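Participant: Pasting the sequence and the predicted coordinates here, then a few questions.
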Amino acid sequence: MGYPPHRRSFAPALALLLIVGLLLPVAAMANGKGHDDHGHHGKGHVANVMTRNLYLGADLTPAILAPTLPAFVAANGQILREVTANNFPVRARGLASEILKAKPDLVGLQEVALWRTAPPSLTPVVTGTPTATTVRYDYLKELLAELNKGPDRYEVVVVQNEFDLEAPADENGVAGDGPNPAIANAEINGRLTMRDVILARRGAGVETKNPQSANFATNLVVPVAGVPVTVKRGWTATDARVRGTGWFRFVNTHLEAFQPLVRQAQAAELVAPTGPATSDLPVVLLGDLNSDDDTVTGADRLAYETLLAAGLVERSTADPLGCCLNSSLLAVGKGGSEADFDHQVDHIMTRDPEVVTLEDSGVSGIQPVNGFWDSDHAGLFSTLRFDD
């Protein structure tokens, strides 16, 4: 069916020393994390931003590792059952509540899955051209419906399609009922289209222009049923201004989860001279970076260090940590625990530290609601102050 979500286990971070009441904690200044407003509290104008990984709904690893066609079809069936069990219509209510409580002016979303189905066929795998059109779950449509039930109005600014794969599946687990004996027990095709999305809060003094998006030039290639498949990832961006701020560049991204050198190359594309996070405007970059400087080890630090070297500065909290549940099933009692949140991969950063500073930051979604965790990630939001 596709590529597995972020499921690595890292050693827990060293405990952060918090000194209540100090606006400029020394530890935060030393590593670029935490509150850092350089004494500008009360000056300029503020914008609220948020990054939220929605979780695509299943662990796709069994399909990637399947050694035979029957195993591949069976794994795809398991994936479709997990997506159903993870009940996005219910999770969308919790995700919407998180966003509405934080009231971000701009939201960067990752793993905004679109699940579609079709009659069973191997052709989309062999040709690399998905064709399924029957929508089962449209995470973007369902989340917007929940967000816009009340007075707040969130609208799509830009959408970028990422990884897109369709494959046959034995969803019902019944042997011998597929219409095509050549495809094991498959009775359906499942198609996953991953998307990155930027939302803007309308009616709240938020203006946007110049929406852009693209896939990275460097992407991971994995074998799926013996066929090389490119795991496309990318970015979305827009110019924005919020209630008196000047125009700034807002960039949302989801970097490669499993290959650190690919991830580093993608980070380098973001901050290249022609990259989306390079601008004459102040830059806000956020998303699921799958990297950090002190809660991960080894090569998993490379992408984040590449961004730091380009002048980006952390503008979000690491207390509490927000990644990630170790269970692919999000229902309460299915294995997930708050203790699983032991490292950081979601970040909010800025590239102009004397212009854009951090006023406040928080984490959402670290407790289940409605019987489910909202995602395998927590949400991350920050209030940024822009000097006049």
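Facilitator: Done, it's in. Residues are numbered from 1 along each chain as shown.

Participant: Name the residues linked to V197 by a beta bridge.
Facilitator: When assigned by DSSP bridges, V197 has beta-bridge partners L109, V159.

Participant: these two touch, right, it and A113?
Facilitator: No. Distance between V197 and A113: 11.0 Å, which falls outside the contact criterion (C-beta atoms under 8 Å). For glycine as for every other residue, the C-beta is placed from the backbone atoms N, C-alpha and C.

Participant: Could you check which of the two is surrounded by more residues?
Facilitator: V197 (24 against 21; other C-beta atoms under 10 Å).

Participant: now the strands for the stretch 251-388 of the chain?
Facilitator: 283-288, 313-314, 346-350, 356-364, 379-386 (DSSP state E, counting those that start in this stretch).

Participant: List the buried residues in the longest one.
Facilitator: To tie it back to what came earlier, the one meant is strand 356-364. V356, T357, L358, E359, S361, G362, V363, S364 (16 or more other C-beta atoms under 10 Å).

Participant: Is it possible to get JSON lines of those that adds pLDDT?
Facilitator: Shown next, in JSON lines, are the buried residues of strand 356-364 (pLDDT from 0 to 100):
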{"residue": "V356", "pLDDT": "96"}
{"residue": "T357", "pLDDT": "96"}
{"residue": "L358", "pLDDT": "97"}
{"residue": "E359", "pLDDT": "97"}
{"residue": "S361", "pLDDT": "98"}
{"residue": "G362", "pLDDT": "98"}
{"residue": "V363", "pLDDT": "98"}
{"residue": "S364", "pLDDT": "98"}
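
Participant: L56: which of the residues you listed is nearest?
Facilitator: S364 (19.2 Å; C-beta to C-beta).

Participant: That closest one reaches S375, doesn't it?
Facilitator: No. Here S364 lies out of contact with S375, judged by C-beta under 8 Å, at a distance of 10.1 Å.

Participant: what sits against the nearest residue to A145 once chain neighbours are set aside?
Facilitator: What sits nearest to A145 in space, not counting adjacent residues and going by C-beta to C-beta, 6 or more residues apart in numbering, is A92, at 7.6 Å. Counting by C-beta atoms under 8 Å, 6 or more residues apart in numbering, A92 touches Y139, E142, L143, A145, E146.

Participant: Mind doing that once more with 6 Å?
Facilitator: A92 makes contacts with E142, L143, E146, as judged by C-beta atoms under 6 Å, 6 or more residues apart in numbering.
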